[in-house]
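In: Curious how this folds, go ahead:
(chains A and B)
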Number of protein chains: 2
Amino acid sequence: MVKVAIGIDIGGTNTAFGLITEEGKCLAESSIPTNDYEDVNEYIDNLTKNINKFVEEQEFEVEIKGIGVGAPNGNYHKGTIEFAPNLRWSNVVPFADLMKAKYNLPVWLTNDANAAALGEKLYGGGKDIDDFLFITLGTGLGSGIISNGDLVYGHDGFAGEVGHVIVVENGRKCNCGRKGCLETYASASGINRTAFQLLAESNEDSELRNYTYSELTSKIIYEEAINGDEIAMDAFDYTARILGKALANSVAYTSPKAIFLFGGLANAGQLLFRPVKKYFEENLLTIYKNKIDILPSQLENGQAAIIGAAALVWKNL
Amino acid sequence: MVKVAIGIDIGGTNTAFGLITEEGKCLAESSIPTNDYEDVNEYIDNLTKNINKFVEEQEFEVEIKGIGVGAPNGNYHKGTIEFAPNLRWSNVVPFADLMKAKYNLPVWLTNDANAAALGEKLYGGGKDIDDFLFITLGTGLGSGIISNGDLVYGHDGFAGEVGHVIVVENGRKCNCGRKGCLETYASASGINRTAFQLLAESNEDSELRNYTYSELTSKIIYEEAINGDEIAMDAFDYTARILGKALANSVAYTSPKAIFLFGGLANAGQLLFRPVKKYFEENLLTIYKNKIDILPSQLENGQAAIIGAAALVWKNL
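Out: Numbering: from 1, shown residues only, chains lettered A, B, ... in the order given. The predicted model follows:
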């Protein structure tokens, strides 16, 4: 009998779930589509049916200790998902309560980036660090803050929305309805926008001129930058400058020992990390200079979200 | 025999100290000049001599439980004062250790705004709030962050430097050596700079045209604004706009329930609070709207710093 937590990560497209040990090992994982169900109750019926079947199918027996959920706009204190722009269930969904009604188990819920930050603290590069910032550079920019050794939840459970700090006055339109949010620049979609801006401003030859906006990805920009494409390299530099400055400002809040970067864009490695570090140091207040590490996350890309969600269980039990 | 903590607040001009009960009551207070001594050891000799004499002179007997110190660039973890621009002792001063050598008592030290934030938590308007932001609008802008019920110290003890978040790209020169820091706009000195900027940009009549830069104070600007002086009113609106936006961005980090404003400029009351609240709400991410209070600090102006410093003792004992 293996003791596990069920970690669930609710994304706009898929809901992933897995069986995670107290040591943060994912024993098995699966997923279902998220947005097939307009009614959240039907979604939960299907999710729990799939989880139960999945648990039965395993070759080992498990004792489930609890359920951890990472979800966009997840409210830790109330266990609700509130006004999540990419999910079909409107307004406020009492997700933890709905799950508790299905399982006689404790359920914790927080936003996906907060869950991943907790995963980094329990199982990743943050094990021995009591103060760090965790940034996911995916389609958007998510964040979680560890301070005094614990996740910062905030009074309403919505702390850590660094992607929605406004960094450019009257800047790019953001899905949140405002303008100039950090994630419109520093994210996979942000670097696409930057590439198109640079293609418009410059007259430099570039392989990127052969892609439509819909075709272009941060991976293509990365590959062209590695090939020496000037526009692609400039797009990384532009992204890094805005991110580096924003991280320098962020330090003034919780004074972290390290900043972990995670997600698609962070996979660009030194092409991103080197200029981010440069602009970061250039913009830091003197007392913070040369003592804060900017590091790649040590969570595995594919499993970070469910391991982070399960970390909520192991942290709170 | 009354149990007290000694609270010490080291300012650029004066060092205030007082005897503070566990309930946060200041029984007696006094002060000495800070910058008469180039050698920190001479300063400490003089400070302790004065404290001892002061304790003896009281009509009640005290049992001193510990010493709390608020100091610019105070490092909580190490008990040091590091590179404080307004103090004559250079580099890193092991202040807590020097005090412990004089008294056989526990000594805690943090920066002055952090200490005041802790005072607000223990004795002020933040008693029942586990997540809030505390902002002092004095000559500069200091800040302390309470999260999960505790003060955010940061890995190096230097958390909460919101006054040095850069809010205007290539903006006003700051004493920290960089440009565009929040405190160059939102502080008593910042509103003076704003008034002079507006006097230059506008051709409106204004009583403020009769003051030199050195003569002008935020109190004069306040009084003229109350009298209906357009430039003075615009100076408050300009200050509030920058502060309101910066506070809206700040919320994205720790998602506080309230923001307390303290210090000289906060005494302007609704002239400052009303427009700050307006610009704050206008710039908030939707999930944070209409649920965060912006409140005047409930600490007494004169004693907040030493009561906050003493709070370090009562919090940690």
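In: Give me the distance between the nearest residue to A:Gly79 once chain neighbours are set aside and chain B.
Out: Excluding the flanking residues, the one nearest A:Gly79 by CB to CB, 6 or more residues apart in numbering or on different chains is A:Ala96, at 2.6 Å. Any C-beta I mention is one placed from the backbone N, CA and C, and that applies to glycine too. Plainly put, A:Ala96 is 18 Å away from chain B if you go by CB to the nearest CB, to the nearest Å.
In: Quick check: A:Ala96 touching A:His77?
Out: No: the pair A:Ala96 / A:His77 is not scored as a contact, 10.2 Å apart, by CB atoms under 8 Å.
In: Of the two, which one has the most company?
Out: A:Ala96 (22 against 13; other CB atoms under 10 Å in any protein chain shown).
In: That one in helix, strand or coil?
Out: Under the three-state scheme (DSSP: H, G, I helix; E, B strand; the rest coil), A:Ala96 adopts helix.
In: need the contact list for it.
Out: Residues in contact with A:Ala96 (CB atoms under 8 Å, 6 or more residues apart in numbering or on different chains) are A:Val69, A:Lys78, A:Gly79, A:Thr80, A:Val107, A:Trp108, A:Leu109.
In: A:Ala84 contacts A:Gly70, correct?
Out: No: A:Ala84 is not in contact with A:Gly70 according to CB under 8 Å; the separation is 11.8 Å.
In: And those two? Which one has more around it.
Out: Between A:Ala84 and A:Gly70, counting by other CB under 10 Å, A:Gly70 is the more crowded of the two (32 against 20).
In: Do you know the pLDDT at the more buried one?
Out: Looking at A:Gly70, its pLDDT is 96.
In: what sits against it?
Out: Contacts of A:Gly70 (CB under 8 Å, 6+ apart): A:7-10, A:109-112, A:114-116, A:305-306, A:308-309, A:312.
In: Now intersect those with the helices, please.
Out: Using DSSP state H, A:Asp112, A:Asn114, A:Ala115, A:Ala116, A:Ala305, A:Ile306, A:Gly308, A:Ala309, A:Leu312 are the members of the contacts of A:Gly70 that sit in helices.
In: Just grab the bridge partners of the closest residue in space to the first one that isn't next to it in sequence for me.
Out: Think A:Asp112. Among residues not flanking A:Asp112 along the chain, A:Gly70 sits closest, at 4.0 Å (CB to CB, 6+ apart). Beta-bridge pairing for A:Gly70 (DSSP bridges): A:Asp9, A:Thr110.
In: How about the one 4 residues further on?
Out: Going by DSSP bridges, A:Gly74 is paired in beta bridges with A:Ile81.
In: ok, it - contacts?
Out: A:Gly74 is in contact with A:Thr80, A:Ile81, A:Phe95, A:Leu109, A:Thr110, A:Asn111, A:Asp112, A:Asn114, A:Ala115, A:Gly157, counting by CB under 8 Å, 6+ apart.
In: and if you look at A:Ala309?
Out: By CB under 8 Å, 6+ apart, the contact set of A:Ala309 is A:Gly7, A:Ile8, A:Asp9, A:Gly68, A:Val69, A:Gly70, A:Asp112, A:Ala115, A:Gly119.
In: From chain B, how far off is the fourth one?
Out: Spatial separation of A:Gly68 from chain B under the definition CB to the nearest CB is 19 Å.
In: Doesn't that residue lie inside a strand?
Out: Yes: judged by three-state DSSP, A:Gly68 forms part of a strand.
In: Which pLDDT value goes with the residue in the stretch 201-317 of chain A that chain B sits nearest to?
Out: Using CB to the nearest CB, the closest approach of the stretch 201-317 of chain A to chain B is made by A:Ser255 at 2.4 Å. A:Ser255 is assigned 97 on the pLDDT scale.
In: Grab the nearest non-local neighbour of it.
Out: A:Ser255 sits nearest to B:Gly154 (CB to CB, 6+ apart), 2.4 Å away.
In: ok, now A:Gln303?
Out: A:Cys26 (4.9 Å).
In: same deal with A:Lys173?
Out: Among residues not flanking A:Lys173 along the chain, A:Lys179 sits closest, at 5.7 Å (CB to CB, 6+ apart).
In: OK, contacts around A:Ala116?
Out: By CB under 8 Å, 6+ apart, the neighbours of A:Ala116 are A:Gly70, A:Phe134, A:Thr136, A:Gly142, A:Gly144, A:Phe262, A:Ser297, A:Leu299, A:Ala304, A:Ala305, A:Gly308.
In: separation between it and A:Tyr123?
Out: Distance, A:Ala116 to A:Tyr123, by CB to CB, to the nearest Å: 11 Å.
In: which residues do those two both contact?
Out: A:Leu299.
In: List of residues touching stretch A:154-162?
Out: Counting by CB under 8 Å, 6+ apart, A:73-78, A:110-111, A:113-114, A:117, A:133, A:135, A:141-145, A:152-153, A:182, A:246, A:250, B:129-131, B:147, B:252-257, B:285, B:287-288, B:291 sit against stretch A:154-162.
In: do stretch A:184-203 as well
Out: Stretch A:184-203 is contacted by residues A:137-141, A:163, A:167-168, A:171-174, A:183, A:206, A:208-209, A:213, A:216-218, A:221, A:230-232, A:234-236, A:238-239, A:242-243, A:246, A:263-265 when judged by CB under 8 Å, 6+ apart.
In: low-scoring stretches of the stretch 1-150 of chain A, by residue?
Out: For the stretch 1-150 of chain A, no stretch has pLDDT under 70.
In: returning to that earlier point: so of the contacts of stretch A:154-162, which ones are in helices?
Out: Going by DSSP H, the helices hold A:Ala113, A:Asn114, A:Ala117, A:Ala246, A:Ser250, B:Ala252, B:Tyr253, B:Thr254 from the contacts of stretch A:154-162.
In: Count the residues that sit near the nearest residue to A:Ala71 once chain neighbours are set aside.
Out: What sits nearest to A:Ala71 in space, not counting adjacent residues and going by CB to CB, 6+ apart, is A:Ile10, at 4.2 Å. Other residues lying near A:Ile10 total 25 when counted by other CB under 10 Å.
In: these two touch, right, A:Ile10 and A:Asn86?
Out: No: counting by CB under 8 Å, A:Ile10 stays clear of A:Asn86, with 9.6 Å between them.
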